[in-house]
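> Can you look at this prediction? I've put the sequence above it.
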Amino acid sequence: MVTVAQTGETIIKVRDLAVGFDDRLVIDGLDLDLFRGEILGVVGGSGSGKSVSLRAIVGLLPKRRGSIEIFGVDVDEAKEIERRALERRWGILFQQGALFSSMTVQQNVEMPLREHTDLSPALREEIARYKIALVGLKPEAASRFPSELSGGMIKRAALARALALDPEIVFLDEPTSGLDPISAGDFDELLLTLREALGLTVYMVTHDIDSLVRITDRIAALGEGKMLATGPIADMRKSEQPWIKTYFRGPRARAAGV
Ligand SMILES: Nc1ncnc2c1ncn2[C@@H]1O[C@H](COP(=O)(O)OP(=O)(O)OP(=O)(O)O)[C@@H](O)[C@H]1O
C-alpha cells in the first residue's frame, strides 16, 4: 500500500450523478471525490458502469442528473472556452490504448498538441519525443505504427499521448488489461514514478487486484449504479458488502497478498 501526502484538495467532486441509455439508468446517484495527488482505483463488477462514469465525468457522455465539479468549476456552468481549458488539464488512456492505427507513435503523441496548441511543428516534435522517452519507450518506437508494437508498448504510447499536454489528472481505463503480469507490474511502477515526478493525480478503472494493491492510495467500489464504498484497501477488506467481500477476500485477493 502506497501512502501519499495528500493535500486534501478535492479536484473532482461528483454528486448524485445519473447516466443512462434509452430508458435505463446505468449510474443512478453516484457520489465520488478525487483528491489531488492520489491514485484512485475504481473497481466494480462487469457492467457496473466504471467506464460509463469515467466518460460522463470527462464530458464524453451526457448526464441525466447530478453535478460534476472539476478544479472547482461546475461543468454545467462552464462556458465553451472554460471547458476547453479544463480539458487541457487531464489526459485519458482508453481501454485498448485507442491509438490511431494509421499514425505513428510520434504522430499520435503530437495529436493533442496539434488540437490544443499553436506550437510550431519543431516544438511539437520535441515535446512528443520527450513524452515518448518519459514513458520508457526507446526513440525508435516513435516511428512505429501501433500494429508494430507489443501490448505493453501500446499502453505506454497511449500514456505518452495522454501526457502530451502536461495534465494534472490522468484517467486510465483498465491500463493493465491484456498485459502479462511482468509488463503490468512495470506499467504500475511507471505510474508511481510519474506520480512522483510530475505530481499527477490518477483515476484508474481496473480489474487488476495486483495493481490495486501495488499502487492505489484509495479504492472506489461501484455497484448498483452507486458508490458502494470508498477507502484504502484495508477498509475494503473489512467490508461486509457482498461484492466487495467476494472481490477483496476471494482467492485472487489472497494471492495478491490483500
Ligand atoms: N453506448 C452505450 N449504449 C448502451 N448501453 C451502454 C453503452 N455504453 C455502455 N452501456 C451499458 O452500460 C453498462 C455499464 O457499462 P460500462 O462499460 O461502464 O461497464 P464497466 O463497469 O466498465 O464494465 P467492464 O468491467 O466489463 O468494462 C453496461 O450494461 C453496458 O452495456
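Looks like it came in fine.
> in the protein, which segments are predicted with low confidence?
1-7, 96-97 (pLDDT under 70).
> rerun at 90
1-8, 84, 94-98, 116, 150-152, 176-183, 224, 248-258 (pLDDT under 90).
> So which bits of it are right by the ligand?
Residues of the chain lying close to the ligand by Cβ under 6 Å from any ligand atom are 21, 26, 44, 46, 47, 48, 49, 50, 51, 52. All C-beta spots, glycine's among them, are computed from the backbone N, C-alpha and C.
> does the first one have beta-bridge partners, and which?
With DSSP bridges as the criterion, residue 21 is bridged to residue 24.
> Look at it and say how many residues are nearby.
Residue 21 has 9 neighbouring residues, counting by other Cβ atoms under 10 Å.
> and if you look at the fourth one?
In terms of burial, residue 46 registers 6 neighbours under the definition other Cβ under 10 Å.
> Pull out the buried positions in stretch 183-203.
183-188, 190-192, 194-195, 200-203 (16 or more other Cβ atoms under 10 Å).
> oh sorry, the question was meant for stretch 83-93
86, 87, 88, 90, 91, 92, 93.
> Residues touching it, excluding its own?
Outside of stretch 83-93, the residues within contact range by Cβ atoms under 8 Å, 6 or more residues apart in numbering are 58-59, 70-71, 73, 75, 78, 112, 116, 155, 158-159, 161-165, 167-173, 175.
> Tell me the gap between that stretch and the middle of its chain.
12 Å (Cα atoms, centre = their mean, to the nearest Å).
> Among the buried residues of stretch 83-93, name the ones in helices.
Per DSSP state H, helices hold the following members of the buried residues of stretch 83-93: 86, 87.
> from the buried residues of stretch 83-93, which is closest to residue 130?
For the buried residues of stretch 83-93, the minimum distance to residue 130 (Cβ to Cβ) is 14.7 Å, reached by residue 91.
> What helix or strand is residue 161 located in?
Under the criterion of DSSP states H and E, residue 161 resides in helix 151-162.
> What's the first helix or strand after the strand or helix carrying residue 110?
Per DSSP H and E: residue 110 is located in helix 105-116. Sequence-wise, the next helix or strand beyond helix 105-116 is helix 121-134, with elements assigned using DSSP H and E.
> Thank you, goodbye.
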